[in-house]
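**Student:** Sequence and predicted structure are below.
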Amino acid sequence: MAGMFIDVQVDDAVAEDRELAKKLVDVCAVDIFAQTDDGRLQIIDDNLDECVLCDLCIQAAPDGTVRVIKLYDS
Ligand code: SF4
């Protein structure tokens, strides 16, 4: 949809948990998540517009710690 873009927010506690970070990297089919050398979660901003709103990342983490937010150009 034209004019829509996505922001993905992850709580620090999840981003710093390398097991959860790895899980997020694994579930997202469009590579919005990556890990730094020390295992911390990274969000790849350039890939955010590829998000297919599958909610797998939300399901992979504790309730409320990962948020996929739809933003619209006004
Ligand atoms: S909703 Fe799906 S495509 Fe979007 S960031 Fe989460 S896992 Fe990736």
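**Tutor:** Perfect, I can see it now.

**Student:** I'd guessed Ile43 sits against Phe33; true?
**Tutor:** Yes. Assessed by CB atoms under 8 Å, Ile43 is found in contact with Phe33 at 6.5 Å. Any C-beta I mention is one placed from the backbone N, CA and C, and that applies to glycine too.

**Student:** Compare those two (neighbour count), which wins?
**Tutor:** Phe33 (24 against 16; other CB atoms under 10 Å).

**Student:** list the contacts for that one?
**Tutor:** Ala21, Leu24, Val25, Leu41, Gln42, Ile43, Ile44, Cys57 (CB atoms under 8 Å, 6 or more residues apart in numbering).

**Student:** secondary structure class for the one residue sitting closest to the centre of the chain?
**Tutor:** The centroid of the chain falls nearest to Val8 when counting by CA atoms, centre = their mean (4.9 Å). Put simply, Val8 is strand when judged by DSSP: H, G, I helix; E, B strand; the rest coil.

**Student:** Might you enumerate the residues of the protein proximal to the ligand?
**Tutor:** Neighbours of the ligand within the chain, by CB under 6 Å from any ligand atom: 8, 27-28, 30, 32, 51-57, 68.

**Student:** Quick check: PyMOL command selecting the buried ones in these.
**Tutor:** Buried members of the residues of the chain next to the ligand, defined by 16 or more other CB atoms under 10 Å, are picked up in PyMOL with:
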select buried, resi 8+27+28+32+51+56+57+68
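
**Student:** Just list whatever residues bridge to the residue nearest to the centre of the chain.
**Tutor:** Beta-bridge partners recorded for Val8 (DSSP bridges): Val68.

**Student:** Contacts for the lengthiest helix in the chain, please.
**Tutor:** Longest helix in the chain by number of residues (criterion: DSSP state H): helix 18-27. Contact with helix 18-27 is made by 10, 14-15, 33-35, 38-41, 56-57, 59-61, 66, as judged by CB under 8 Å, 6+ apart.
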